[in-house]
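Asks: Just the structure for this:
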Amino acid sequence: MPSSPSSPEVAVIGGGPAGLIAAEVLGHAGIAATVYDQMPSVGRKLLMAGRGGLNLTHSEAFERFVTRYAEAQPRLLPAIEAFRPEDLRAWCESLGQDTFVGSSGRVFPKAFKASPLLRAWLSRLESLGVRFALRHRWQGWDEDGRLVFTEAAGQAVRIRPAATILALGGASWPRLGSDGTWAEFLTLHGVTISALRPANMGFLLAWSDLMRGRFAGAPLKRIALTFEGTSVKGEAVVTADGIEGGAVYALSARLRDAIERTGQATLHLDLRPDLTEDALAKRLEAPRRGQSTSTFLRKAAGLGPVGIALLREASPSLPTEHRALARLIQAVPLTLTGTKPLDRAISTAGGIPFDEVDEHLMLRRMPDVFVAGEMLDWEAPTGGYLLQATFATGIAAARGALIRLGIPDAALTGGLSSATGQT
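Replies: Next up is the predicted model:
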């Protein structure tokens, strides 16, 4: 339902997934929505995420799915229950982009990239009357309570919408527009902000010159990582200054918090998680028959050059007893000394605590201002959980704005059903 000239105007600040889905809900309800973004085009982070395959959500059982949000689960649950993984898939398919479940349970568009989805989405938003004000950098509010933007030519633009939805992302992608500068504007209005920290990021390690010089960029496949009793199977990559990758990201919150407490964290790497210790030790009992250590480890334990190098990093004099060597192969200690910086992280932890918003994601200290996406203080591992909560909170914030504006129930329900693909 395109907006009418007399409908109240809502400003959506931020052209990422949270802001765009909020604008769609508003457009379906006949509300005049304008999306403001400092970049020349919207959806840039979505396009970047889609370069390796756009992981929309995850197919695991809902009860397990919501546990991925850890401490934030109780506060995110209402939004995610209202827009579940199956709703996100239905919404995607309503835009002509069929989805499929990968071998790991992750959900992707069949096109395996974001650009077709974004093009169809922008076409839908245009048909709903959603407007875009690009190259408009938000500068907070003026003394009269109006939103202030600086447009491309440097001129100030001031508006007073009926409601505002903030969907500016975290601070982990500054070159794509998510730079966290919004924290200063909200702090000036008394809103508490938890420190913005990296999430789903790599970690720093003091590699030897040999390790750094020969193996930076080397993949670690079919491994397992363990920290504080939690193990994750997957893959990782050795970097010049540390380690990163999917298995690392799954443990990143725990590792980061441990480093903040004590200055370091010891992660254990299992190079052969497919074998029991007994099975691996039996293989290592084989006679060496004059083989070099590297050749023996390659043949008996199935280790490649990077795995052997990692063993030598941990223990230059490798154990000669076969069971001790097996234990080392399956628990190589990696001492992490820090996190990669926030601007190199996949996502952001910290932000606006849920105590600062009401059940409709409206700021308690700033009526008519709603918050969505990574601006809120939650984090989740990669695997589709980030986008799911981003979409869900965008819809929840738009619903909150509609309720605040007194939109009739029929219009509210219609807008939500269209946005979620429900009938």
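Asks: ok, D37 - how many residues close by?
Replies: Using other Cβ atoms under 10 Å, D37 is surrounded by 26 other residues. From N, CA and C alone the C-beta is placed, and that goes for glycine too.
Asks: so it makes contact with G15?
Replies: Yes - here D37 reaches G15: they are 3.6 Å apart, a contact under Cβ atoms under 8 Å.
Asks: Quick check, pLDDT for the closest residue to G53 other than its chain neighbours.
Replies: Spatial nearest neighbour of G53, chain neighbours left out: F112 (4.9 Å); criterion: Cβ to Cβ, 6 or more residues apart in numbering. We have a pLDDT of 90 for F112.
Asks: could you pull out the helices for the stretch 51-200 of the chain?
Replies: For the stretch 51-200 of the chain, the helices defined by DSSP state H, counting those that start in this stretch cover 62-65, 73-82, 85-94, 115-127, 182-187.
Asks: From the contact counts, what lies against the fourth one?
Replies: It refers to helix 115-127. helix 17-28, helix 44-49 (3 or more Cβ pairs under 8 Å, 6 or more residues apart in numbering; DSSP states H and E).
Asks: Report the angle between the first one and helix 115-127.
Replies: Using axes from the mean of the first three to the mean of the last three Cα atoms, to 10 degrees, the direction of helix 17-28 lies 40 degrees away from that of helix 115-127.
Asks: Can you tell me how far G177 is from L376?
Replies: Noted for G177: a distance of 18 Å to L376, by Cβ to Cβ, to the nearest Å.
Asks: ok, the two, which is more surrounded?
Replies: The residue with more neighbours, out of G177 and L376, is L376; 28 against 20, by other Cβ under 10 Å.
Asks: can you pull the pLDDT of D274?
Replies: For D274, the model assigns a pLDDT of 97.
Asks: let's number from 889 now, not from 1
Replies: Got it, first residue is 889 now, which makes that one D1162.
Asks: nearest residue to it other than its sequence neighbours?
Replies: Using Cβ to Cβ, 6+ apart and skipping the chain neighbours, the partner closest in space to D1162 is R1110 (6.8 Å).
Asks: wait, isn't the one you found in contact with L1163?
Replies: No - the criterion here is Cβ under 8 Å, and R1110 misses it with L1163 at 11.0 Å.
Asks: Give me the spatial nearest neighbour of T955, chain neighbours excluded.
Replies: Of all residues not flanking T955 in the chain, Q961 sits nearest, at 6.4 Å (Cβ to Cβ, 6+ apart).
Asks: Hmm, E951 and that neighbour touching each other?
Replies: No - counting by Cβ under 8 Å, Q961 sits too far from E951 to count as a contact (10.9 Å).
Asks: Look at these two and report which has more neighbours.
Replies: Q961 (14 against 7).
Asks: what does the model give that one for pLDDT?
Replies: If you check Q961, the pLDDT there is 98.
Asks: I'd like the distance between it and R1100.
Replies: From Q961 over to R1100 the distance is 39 Å, taken as Cβ to Cβ.
Asks: what's the answer for H1248, then?
Replies: Distance from H1248 to R1100, by Cβ to Cβ: 50 Å.
Asks: now P1107
Replies: Relative to R1100, and taking Cβ to Cβ, P1107 is found at 16 Å.
Asks: quick one, which of these two is more surrounded?
Replies: A direct count of neighbours by other Cβ under 10 Å for P1107 and R1100 places R1100 higher, at 16 against 13.
Asks: what about the longest helix in this structure?
Replies: helix 1273-1292 (DSSP state H).
Asks: on that earlier part again, shared neighbours of D925 and G903, anything?
Replies: Shared contacts of D925 and G903 (Cβ atoms under 8 Å, 6 or more residues apart in numbering): 1020, 1022, 1065.
Asks: Kindly state the beta-bridge partners for the second one.
Replies: Yep, that's L1022 we're talking about. On the basis of DSSP bridges, L1022 is bridged to D925.
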